[in-house]
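J.: When you get a sec, could you give me coordinates for this:
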Amino acid sequence: MKNLLYTALVLIASMSLSCTQKEQGNNNAFKTTLSFKPGEETKIAEAFLSMKDSTLILLKAGTYKFDNLSIAQVKHIKIQGEGYDKTILDFTAQSQGGEGIRVTDVIGFTIDAMTIKDSKGDLLKINKSRDVTVTNLHAVWSKADSTSGGYAIYPVMCKNVLIENCYTEGSSDAGIYVGQTDSAIVRKCKAAKNVAGCEIENTSNAQVYDNEFYNNTAGFLIFDLPDLSKRGGHVKVYNNYIHDNNFRNFAKAGSFGTTWGVGNASPGSGVIILAASDIEIHDNRIIDNNSSAISIASGFVVDEKAGEKINANYFPIPKNVKIHSNTIEMGPAFPAPAYEHRMGKLLISIAQKLNAVDPSRKNKRIPLIMYDGISTNILTKGTGVNPDSICINQKGDNVFVNADFLNLSNPEQWKPNTNISPYNCK
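T.: Now for the predicted structure:
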């Protein structure tokens, strides 16, 4: 019954997003249409600030140079370019403002068919808005290093978000980030040379499918973090190609390299689930992410005081995680940047420990799926072998390791093991 109800809710959300997209795809559905060409940047900035409900802004082909752009408290807005290779918004000379484009409290917002590039902060931040469509957008930094902004496409505290046919590159946090949002779809996108290709954080009722995340530090993250406005969950991830995410971690110190930040992601990570529950990952190709194809970790891995932060919006231990029917492969060795990264070194030590205690492994790679082994037993004093319904149904050899993180600090008691049977849920 719960599955039927969830399916119905997802269908309703998808229909709502589809209807919104069709309506906003019609350029004749706006009361006001404003058209601009390169050289009219001052007029464009003024038009953004003075925008009225039901406005379409057309940006002709060419390169535009902006400091920043802002839209707030309006309805039914579309920013339309002539193609990602034709309409270019360049924020290289930005001297003020945290973002390239900031959208706040807008109902019915679409941005389509352009490239935005090289802001000092986030490229596109959409805050507290509803019925949002980001389509055919390239959001990139010319350099993939800590001088880049954190997020390329960044809807936060929104409702009904669709991100499709987009490309992101160079983010020092996440290329596509959906945070504290209800009902989101990310599909048919690509992300490369970011710290994280895509991140779903404290977001509920999300679907991520038909994407390609490659050559990032980590391909795809599902995080729930403490001290935020809502809890995430009910995230489905399927039909994605997540591969070759072995890039160095160049997350910024401070805001992006904190205890909870993506600075924790080891180079070579395919998928990381951190403190997130009600997750299903299926029918993906997860290939050549050479430190860990899939990691399932509790908040205690990054914060020993995570238990003190439990409230209605945060629970540090993943529950109800289903991983099945994926194609998973790893290359022959850890990527070089993993040897210089804190979590990378830990993953390497897991492989070394397993091979040291079991010579029959004959120096196999770290198993494909790494579970930290921290369950609700530590909170309830229970003894169940799988109290949190971590369910893994994957064919093949060397699939799973319970990394026994609770005993990491005591080498004599630390006993990672590859017994998957408690986690083969029916």
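J.: Please name the nearest non-neighbouring residue to F247.
T.: T217 (5.0 Å; Cβ to Cβ, 6 or more residues apart in numbering). Heads up, the C-betas are built off the backbone N, CA and C, glycines and all.
J.: And C391, how far from V262?
T.: Computed with Cβ to Cβ, to the nearest Å, the distance linking C391 and V262 is 26 Å.
J.: For the two, indicate the residue with more neighbours.
T.: V262 (30 against 16; other Cβ atoms under 10 Å).
J.: Nearest residue to the middle of the chain?
T.: Centroid-nearest residue in the chain, with Cα atoms, centre = their mean: E199, separated by 0.9 Å.
J.: So that residue is in contact with L221, correct?
T.: Yes - between E199 and L221 there is a contact under Cβ atoms under 8 Å: 4.2 Å.
J.: list residues touching both of the two?
T.: A174, V262 (Cβ atoms under 8 Å, 6 or more residues apart in numbering).
J.: quick one: low-confidence ranges for the chain?
T.: Residue ranges of the chain with pLDDT under 70: 1-26, 97, 253-259.
J.: all helices for it, in order.
T.: Assigned helices in the chain, in chain order: 2-24, 41-49, 342-357, 377-380 (criterion: DSSP state H).
J.: buried ones in the second one?
T.: Of all the residues in helix 41-49, those buried under the rule 16 or more other Cβ atoms under 10 Å are I44, A47, F48.
J.: Run the chain-centre distance for it.
T.: Put simply, helix 41-49 sits 32 Å off its chain's centre (Cα atoms, centre = their mean, to the nearest Å).
J.: ok, and what's touching it?
T.: L34, F36, I57, L59, Y64, K65, F66, D67, L69, S70, I71.
J.: switch the cut-off to 7 Å
T.: L34, F36, I57, Y64, K65, F66, L69, S70, I71 (Cβ atoms under 7 Å, 6 or more residues apart in numbering).
J.: Contact partners for the fourth one?
T.: Right, Y64. Y64 neighbours (Cβ under 7 Å, 6+ apart): P38, E41, I88, L89, D90.
J.: Please list only the buried members of the residues you listed.
T.: Buried among those (16+ other Cβ under 10 Å): I88, L89, D90.
J.: what residues are up against the nearest residue to N249 once chain neighbours are set aside?
T.: Residue nearest to N249 in three dimensions, not counting chain neighbours: T217, with 4.5 Å by Cβ to Cβ, 6+ apart. Residues in contact with T217 (Cβ under 7 Å, 6+ apart) are V195, A196, N245, F247, R248, N249, A265, P267, S269.
J.: Bridged to the residue nearest to the centre of the chain, which residues?
T.: In this entry, E199 is beta-bridged to Y177, L221, by DSSP bridges.
J.: From N264, how far out is it?
T.: Distance from E199 to N264, by Cβ to Cβ: 12 Å.
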